[in-house]
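Colleague: Got a predicted model here, sequence first, then my questions.
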Amino acid sequence: MQKYQIPTAEYESFTEADKAVEYIKRKGAPIVVKASGLAAGKGVIVAQTEAEAVEAVEIIMKDEKFGDAGEKVVVEEFLEGEEATILAFCDGQTVVPMIASQDHKPAYDGGKGPNTGGMGAYAPAPVVTEQIKADFKTEIMEPTLKALQSEGLEFKGIIYFGLMIKDGKAKVLEYNVRFGDPEAQVVLPLLETDLVDVMEAVIEGNLDQLEIHWKQQKALCVVMASGGYPIEYEKGKKITGIKAAEAEEDIIVFQAGTSLENGKLLTDGGRVLAVTALGSSFQEVIDKAYAGVEKIDFADFQIRNDIGQKALEK
Ligand code: GLY
């Protein structure tokens with residue numbers, strides 16, 4: 001991103017703890033410390049004080065739990081604002097954004113508690129205004145494609161742009177080369193064009209020939225997680241009520257951490273189900289999704305009760 005002037009947080013990476021600590025003392029807190037590598041989503045510490053940041057460096061570089069991911073730490077500017085996700089289809093030559101969405105990463109209501117993979121989402125995200133969309137295209141999305149091409153990478157698939165938005169400006173927090181979870185559970189139900197047609201256009205390299213249409217609706221999903229997630233949780237709890245929830249119009253129940261044993265549906269992970277509702281207003285989809293959740297049960301399930309509140313406020 002630095003090389004291609006794509007707006008992002010200022011950062012440096014370190015293989016020596018002392019140098020990382022020096023940098024932290026120079027920049028001050030709040031500051032973000034990341035394990036450089038895959039750490040199952042747990043490698044990011046948002047330190048509110050210098051002491052916390054120094055401790056994070058020590059934990060990442062000395063704790064074996066991070067494995068290779070802990071050999072290098074990235075110390076990054078703390079970006080304030082509101083997060084949003086824009087997924088985009090890319091065929092190597094053309095990149096087409098999907099509808100913007102917003103995840104809810106902290107485990108508990110009000111955005112409190114440890115970070116999770118995502119406890120719920122909605123789309124379209126009102127924080128992504130028409131102006132931000134326009135700037136995103138010219139300042140982030142197209143430069144990203146040019147950067148890939150300059151690096152000799154013909155990328156075909158999905159680009160996930162994790163954004164931080166403040167004062168009407170977006171900066172890139174992260175890229176992934178996949179859909180988002182649970183963002184996909186609200187973005188794809190709004191896709192009117194057949195996804196297979198889009199995938200074929202991506203493969204064949206003629207995305208520029210395809211008009212992609214979206215439903216003029218809202219979508220919202222509530223993730224039902226195992227009690228104690230993301231820290232410690234039990235598996236193997238019997239799940240009931242999915243059929244009853246899906247009997248309602250415009251409700252889709254996506255399964256993630258589930259398994260089928262002797263004909264019984266059991267919990268088998270942290271995030272177990274995502275209950276998506278479609279409708280014409282955010283209030284409607286909030287009410288419908290939570291009504292869907294009411295019909296489903298498994299022991300000790302955990303949800304956030306405030307999915308979509310930010311959209312309502314806007
Ligand atoms: N919901 C965050 C992600 O898929 O990366």
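Modeller: The structure has been received and is ready for your questions.
Colleague: Which positions within the helix or strand containing Lys243 qualify as buried?
Modeller: Per DSSP states H and E, Lys243 falls inside helix 242-247. Buried residues in helix 242-247, defined by neighbour count with 16 or more other C-beta atoms under 10 Å: Ile242, Ala245. (Each C-beta comes from the backbone N, C-alpha and C, glycine too.)
Colleague: again, but for stretch 150-167
Modeller: Across stretch 150-167, burial judged by 16+ other C-beta under 10 Å covers Phe155, Ile158, Ile159, Tyr160, Phe161, Gly162, Leu163, Met164, Ile165.
Colleague: and the helix holding Lys243, what's its mean pLDDT?
Modeller: Across helix 242-247, pLDDT averages out at 97.
Colleague: What helices and strands are in contact with that helix?
Modeller: Helices and strands touching helix 242-247, by 3 or more C-beta pairs under 8 Å, 6 or more residues apart in numbering; DSSP states H and E, are strand 251-255, helix 282-295.
Colleague: For this structure, what lies in contact range of the ligand?
Modeller: Within the chain, the positions near the ligand by C-beta under 6 Å from any ligand atom are Asp103, Gly117, Gly118, Asn176, Gly180, Asp181, Glu183.
Colleague: contacting residues around the fourth one?
Modeller: Contacts for Asn176 were tallied using C-beta atoms under 8 Å, 6 or more residues apart in numbering; they are Ile159, Tyr160, Gly162.
Colleague: mind giving me a markdown table with the residues of the chain next to the ligand and columns for pLDDT and secondary structure?
Modeller: Shown next, in a markdown table, are those (pLDDT from 0 to 100; DSSP: H, G, I helix; E, B strand; the rest coil):
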| residue | pLDDT | secondary structure |
| --- | --- | --- |
| Asp103 | 97 | strand |
| Gly117 | 89 | coil |
| Gly118 | 95 | coil |
| Asn176 | 95 | strand |
| Gly180 | 97 | coil |
| Asp181 | 96 | coil |
| Glu183 | 98 | coil |
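Colleague: Pull out the buried residues from those.
Modeller: Buried, going by 16+ other C-beta under 10 Å: Asp103, Gly117, Gly118, Gly180, Asp181, Glu183, out of those.
Colleague: can you pull up the bridge partners for the first one?
Modeller: Per DSSP bridges, the residues bridged to Asp103 are Ala121.
Colleague: And the residue located most distally from the centre of the chain, how close does it get to Gly227?
Modeller: Here the chain reaches farthest from its C-alpha mean at Asn262, the gap being 33.5 Å by C-alpha atoms, centre = their mean. Using C-beta to C-beta, to the nearest Å, Asn262 is found at 24 Å from Gly227.
Colleague: quick one: contacts of stretch 244-259?
Modeller: With contact meaning C-beta under 8 Å, 6+ apart, stretch 244-259 is reached by 181-182, 185, 189, 221, 226, 235, 239, 242, 265-279, 288-289, 291-293, 295-296.
Colleague: now for the buried ones among the residues of the chain next to the ligand, which pair is the farthest apart?
Modeller: Gly117 and Glu183 (10.7 Å; C-beta to C-beta).
Colleague: and the nearest residue to Lys34 once chain neighbours are set aside, how many neighbours?
Modeller: Closest residue in space to Lys34, ignoring its immediate chain neighbours: Val74 at 4.4 Å, by C-beta to C-beta, 6 or more residues apart in numbering. Per other C-beta atoms under 10 Å, the neighbour tally for Val74 reads 19.
Colleague: Fine, thanks again, bye for now.
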